[in-house]
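Visitor: Provided below are the primary sequence and the corresponding predicted coordinates.
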Amino acid sequence: MSTTHDKKRVLVTGGGGFIGGHLCKQLQDQGHHVIAADIQLPEFRPPHTFCNEFVHVDLRDEATCVALCRDVHWIFHLAADMGAVLADSIVHTHSHTLLHLHAHFNWSLNKNSARVDILRVRNTPQ
C-alpha cells in the first residue's frame, strides 16, 4: 500500500476495457487516485469498483487530451480503436485508418503530457 506521499493521480486511457479496468483496479488498490478515460462505457464492472473517476470521452479531440492531462502524474495509454479486431480481413482493410488513429492518440497524449509536466507516460507495446 502506498503512503500518502507516494500517491499519484494516474490517467488510464482505455480504462473502460478489460485490461484497462484491471490496471485501474490494481493502481487504485495501491492507493493511487485513478482516472479512467474511454470512449466506451465499462463492460465488465461499474466504474466505482475500479477507479476514482470515469471520464466517457473521445481521445481524438486534442482539447480533451489537454484537459485530462492536467494535474496528472502518470499516464498509462491503453486506448485503441478495437472495432477492427473482429476479423482478419477487417484489420487489413482498415489498417491505414487504425494506424492513423493510434498515432493520433499517441501524439495528442505525448504532446499534452509534456505541456503539463507529466512525470511518466507508458504506451502499450506495439
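Guide: Done, it's in. Residues are numbered from 1 along each chain as shown.
Visitor: the helix or strand that residue 66 is a member of packs against which elements?
Guide: Following DSSP states H and E, one finds residue 66 within helix 62-69. Counting contacts by 3 or more CB pairs under 8 Å, 6 or more residues apart in numbering; DSSP states H and E, helix 62-69 packs against helix 95-115. Where you see a C-beta, it was placed from the backbone N, CA and C, and this is true even at glycine.
Visitor: quick one: average pLDDT of the helix it packs on?
Guide: For helix 95-115, mean pLDDT is 58.
Visitor: could you shift the numbering so residue one becomes 29, and keep it that way?
Guide: Sure, I'll start numbering at 29, so the last one becomes helix 123-143.
Visitor: doesn't residue 47 lie inside a helix?
Guide: Yes. Under DSSP: H, G, I helix; E, B strand; the rest coil, residue 47 sits within a helix.
Visitor: before we move on, back to that, ok, then the element right after the helix holding residue 94?
Guide: In N-to-C order, the element after helix 90-97 by DSSP H and E is strand 102-105.
Visitor: picking that back up, quick check: buried residues in the helix holding residue 94?
Guide: Applying a neighbour-count criterion of 16 or more other CB atoms under 10 Å, the buried positions in helix 90-97 are 92, 93, 94, 96, 97.
Visitor: let's have those in CSV, adding pLDDT and distance to residue 43.
Guide: Output for the buried residues of helix 90-97, formatted as CSV (pLDDT from 0 to 100; distance: CB to CB, whole Å):
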residue, pLDDT, distance to residue 43
92, 84, 14
93, 81, 14
94, 80, 18
96, 86, 11
97, 83, 15
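Visitor: could you spell out the sheet neighbours of the helix or strand harbouring residue 40, each with its direction?
Guide: Applying DSSP H and E as the criterion places residue 40 in strand 37-41. Applying DSSP bridges, strand 37-41 is found paired with strand 61-66 (parallel), strand 102-105 (parallel).
Visitor: what's the most buried one of those?
Guide: Compared across the strands paired with strand 37-41, strand 61-66 shows the largest average neighbour count, a mean of 24 (mean count of other CB atoms under 10 Å).
Visitor: and that one, what's its mean pLDDT?
Guide: Per-region confidence: strand 61-66 scores 96 on mean pLDDT.
Visitor: since that was my last question, I'll sign off now.
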